[in-house]
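> Quick one: sequence and predicted model below, then my questions.
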Amino acid sequence: MPSHEFTTSTGTVWATQAWTVVEIKQRMRDLLERFDECLPSEVAARVVIKPNLNNDLVALTGNSTDLRVLAALVEGLQERGYTDLTIADGSNVGVDRRGIDTFRRLRIDALAERYGVRTFNLNADEGRTIDLCGGASPRVSATVESADFLISVPTVKTHVEAGLSCAMKNWVGIVVGQDKRQMHKAINQNIQAINEHVQPDLVVVDGVVGMEGNGPGDGEPVRLGFLVGATSAPLCDLAVARMVGIDLGRIPYLGHAVDRGMVTQADLEAVQDHVRQWAQVELAPERSRLAVLSEDPRLAWLKQAVRPLTDQPAVAKAAYKLGVIQDVYSPTDDTVSGVVRKQVECTDCTACADACPTELPLERIGRDVEMPDCIGCLYCWWVCPDDTIELEGPLGSMVRQAERYKSVIEAL
């Protein structure tokens with residue numbers, strides 16, 4: 001049963017608890033049943049699922065959409081007969097510029113192969129130019145605009161510029177490639193504006209593991225344990241903000257949504273009356289003056305000119321330590337080829353089984369390591385608190401992630 005649900009003239013928001021893969025999949029079925037009337041009447045409808053694949057950080061950090069949530073959503077839609085499903089996103093400009101394949105690194109490609117659905121990189125798409133705020137005129141993905149039905153699947157993160165990254169912020173990913181830079185000419189106004197131009201038909205929020213503190217790319221994982229369904233992205237974000245304890249005044253794009261009438265006073269009152277606080281996340285810190293200066297659109301020419309220098313690993317690491325950037329990328333993909341579970345040493349805590357997107361039971365984890373049983377997501381390794389799961393092959397780009405996040409994820 002949902003913990004809370006409300007409907008206003010703007011839309012409906014429905015929320016429920018979920019943590020393990022079994023809970024996530026059952027609650028996803030409940031969510032799709034609740035929003036059955038919103039789903040396409042034709043099972044051949046072109047459905048585009050837009051997760052948050054911001055960068056290559058494993059989803060258990062709270063940075064990207066959890067594979068368990070995507071698997072549950074795809075399964076639920078296929079159970080209802082839908083046949084034309086595409087998982088599509090355009091990762092951030094740093095990822096795009098470096099040619100990093102987040103679909104591969106996050107194992108989205110393997111998940112899609114298992115379920116027989118397509119993936120598509122929106123950064124490589126054709127697009128229609130739209131005029132936004134501050135002189136921004138980015139291209140919006142043609143694949144998104146031509147879909148019969150759009151499902152946004154955001155994560156819940158704090159954000160140093162926007163306050164909160166959820167449904168409305170997730171829509172920045174429908175901007176094609178390097179045009180995302182234009183969004184930063186007036187980031188919060190443009191988050192609101194792009195949600196006026198293109199609206200999802202359904203929002204499914206992955207609130208299983210969130211990211212708090214220095215988000216969206218350098219925060220800390222936090223256990224939230226919920227899913228949210230909604231028919232309105234602004235209304236959804238109002239509700240999620242309350243659920244994680246962020247005041248409206250700390251989320252500028254929602255203020256712009258209020259000003260534009262995308263949410264009403266009745267919506268604000270409904271959230272106060274019907275939504276309870278689930279957690280108190282640590283808010284994003286104030287940005288350093290150097291970081292703000294680095295994003296000044298007037299200095300875009302300078303950034304472009306010094307890019308050969310700033311792309312050097314040593315310079316990037318220095319910029320990270322100074323708080324100028326959140327992301328430090330490795331050009332080397334991991335080449336992990338499998339996992340091995342040391343059964344003799346395993347305490348049977350079931351953390352790995354709870355995290356497995358394909359619902360492998362404990363006794364099969366580390367044994368059935370080929371598709372379609374295992375998609376190589378390594379969630380079992382990430383969550384194992386006893387080091388009884390070993391990896392075969394080099395970590396590559398995951399080395400830094402493991403050093404920073406492995407012990408934190410184990411403790412969630």
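The structure has been received and is ready for your questions.
> Secondary structure class of the spatially most distant residue from the centre of the chain, three-state.
Distance from the centre of the chain peaks at V344, with 36.2 Å (C-alpha atoms, centre = their mean). Taking DSSP: H, G, I helix; E, B strand; the rest coil as the rule, one finds V344 in the coil state.
> What backbone torsions are found at it?
phi -60, psi -40 (degrees, to the nearest 10).
> Spell out which helix or strand contains the nearest residue to V228 once chain neighbours are set aside, please.
Leaving out its chain neighbours, the residue that sits closest to V228 by C-beta to C-beta, 6 or more residues apart in numbering is V205, at 3.8 Å. Yep, even glycine has a C-beta here, placed from its N, CA and C like the rest. According to DSSP states H and E, V205 maps onto strand 202-212.
> That strand - contacts with which helices or strands?
Judged by 3 or more C-beta pairs under 8 Å, 6 or more residues apart in numbering; DSSP states H and E, the packing partners of strand 202-212 are helix 21-34, helix 67-79, strand 149-153, strand 155-159, strand 220-230, helix 233-243.
> Let me have these in TSV, adding mean pLDDT and distance to A186 as columns.
Below are those laid out as TSV (pLDDT from 0 to 100; distance: least, C-beta to C-beta, whole Å):
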stretch	mean pLDDT	distance to A186
helix 21-34	97	34
helix 67-79	98	31
strand 149-153	98	22
strand 155-159	98	15
strand 220-230	98	25
helix 233-243	98	18
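> Could you say which of the ones you listed is packed most deeply?
Burial of the helices and strands packed on strand 202-212 is given as mean neighbour count (mean count of other C-beta atoms under 10 Å); strand 155-159 ranks first at a mean of 29.
> Break the chain into its domains for me.
Recorded structural domains for the chain (assignment: automatic domain parsing) are 4-287, 338-393.
> So which of these is nearest Y405?
When the domains of the chain are compared by C-beta to C-beta, domain 4-287 sits nearest Y405, at 5.2 Å.
> Ends of that closest one, what's the gap?
Domain 4-287 has its terminal residues 34 Å apart, counting by C-alpha to C-alpha, to the nearest Å.
> returning to what we had before: format the helices and strands packed on strand 202-212 as TSV; extra columns: distance to T8.
Shown next, in TSV, are the helices and strands packed on strand 202-212 (distance: least, C-beta to C-beta, whole Å):
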stretch	distance to T8
helix 21-34	16
helix 67-79	25
strand 149-153	19
strand 155-159	21
strand 220-230	11
helix 233-243	7
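> between these, which gets nearest to M168?
Of all these, it is helix 233-243 that lies closest to M168, at 5.0 Å by C-beta to C-beta.
> and the closest one with strand 149-153, angle?
Angle, helix 233-243 to strand 149-153, by axes from the mean of the first three to the mean of the last three C-alpha atoms, to 10 degrees: 20 degrees.
> Helices of the stretch 1-150 of the chain, start to end?
Remark: helices assigned in the stretch 1-150 of the chain by DSSP state H, counting those that start in this stretch are 21-34, 67-79, 93-98, 102-105, 108-115, 142-145.
> Tell me which of those helices sits nearest to V281.
Taking these one by one with C-beta to C-beta, helix 67-79 is closest: 18.7 Å.
> For S337, give me the pLDDT.
With respect to pLDDT, S337 scores 88.
> Surely it is in contact with G396?
No: at 11.9 Å, S337 does not count as touching G396 under the criterion of C-beta atoms under 8 Å.
> The two: which is more packed in?
G396 (14 against 11; other C-beta atoms under 10 Å).
> A helix includes that one, no?
No: going by three-state DSSP, the assignment for G396 is coil, not a helix.
> State the distance from it to G94.
Applying C-beta to C-beta, to the nearest Å, the value for G396 to G94 is 17 Å.
> Tell me how many other residues crowd D273.
9.
> closest to S330 out of the domains of the chain?
Once the domains of the chain are compared by C-beta to C-beta, domain 4-287 is nearest, at 8.5 Å.
> how far is that closest one from where the chain is centred?
Centroid displacement of domain 4-287 relative to its chain, using C-alpha atoms, centre = their mean, to the nearest Å, is 6 Å.
> Please apply the same query to stretch 278-288.
Relative to the centre of its chain, stretch 278-288 is centred 17 Å away, using C-alpha atoms, centre = their mean.
> what comes up buried for that stretch?
By 16 or more other C-beta atoms under 10 Å, the buried positions in stretch 278-288 come out as 278-279, 281, 283-284, 287.
> And stretch 30-49, by the same measure?
In stretch 30-49, counting by 16+ other C-beta under 10 Å, buried: 30-32, 35, 39-40, 46-49.
> hmm, which two among those are most spread apart?
D30 and R46, at 25.1 Å, using C-beta to C-beta across the buried residues of stretch 30-49.
> Quick one: end-to-end distance for stretch 145-154.
18 Å.
> pLDDT below threshold where in the stretch 51-200 of the chain?
The model of the stretch 51-200 of the chain has no residue with pLDDT under 70.
> residues contacting the residue nearest to I187 when sequence neighbours are not counted?
Distance criterion C-beta to C-beta, 6+ apart; nearest residue to I187, sequence neighbours excluded, is E161 at 5.3 Å. Residues near E161 by C-beta atoms under 8 Å, 6 or more residues apart in numbering: 187-188, 287.
> Restricting to C-alpha, output stretch 257-272 in CSV.
Provided in CSV are the C-alpha atoms of stretch 257-272 (Å, rounded to 0.1, in the frame of the first residue of the first chain):
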residue,chain,number,x,y,z
ALA,A,257,7.5,26.9,-11.9
VAL,A,258,5.3,28.5,-9.3
ASP,A,259,5.7,31.9,-11.0
ARG,A,260,4.7,30.4,-14.4
GLY,A,261,1.6,28.6,-13.0
MET,A,262,3.0,25.1,-13.5
VAL,A,263,2.1,24.5,-9.9
THR,A,264,-0.6,26.3,-7.9
GLN,A,265,-1.2,27.4,-4.3
ALA,A,266,-3.6,24.4,-4.0
ASP,A,267,-0.7,22.1,-5.0
LEU,A,268,1.6,23.6,-2.3
GLU,A,269,-1.2,23.1,0.3
ALA,A,270,-1.8,19.5,-0.9
VAL,A,271,1.9,18.6,-0.5
GLN,A,272,1.9,20.1,3.0
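> Just the buried positions in that stretch, please.
257-258, 262-263, 267-268, 270-271.
> Against Q178, how distant is the nearest residue to A257 once chain neighbours are set aside?
Nearest residue to A257, sequence neighbours excluded (C-beta to C-beta, 6+ apart): P234, at 4.4 Å. With the distance defined as C-beta to C-beta, P234 ends up 27 Å from Q178.
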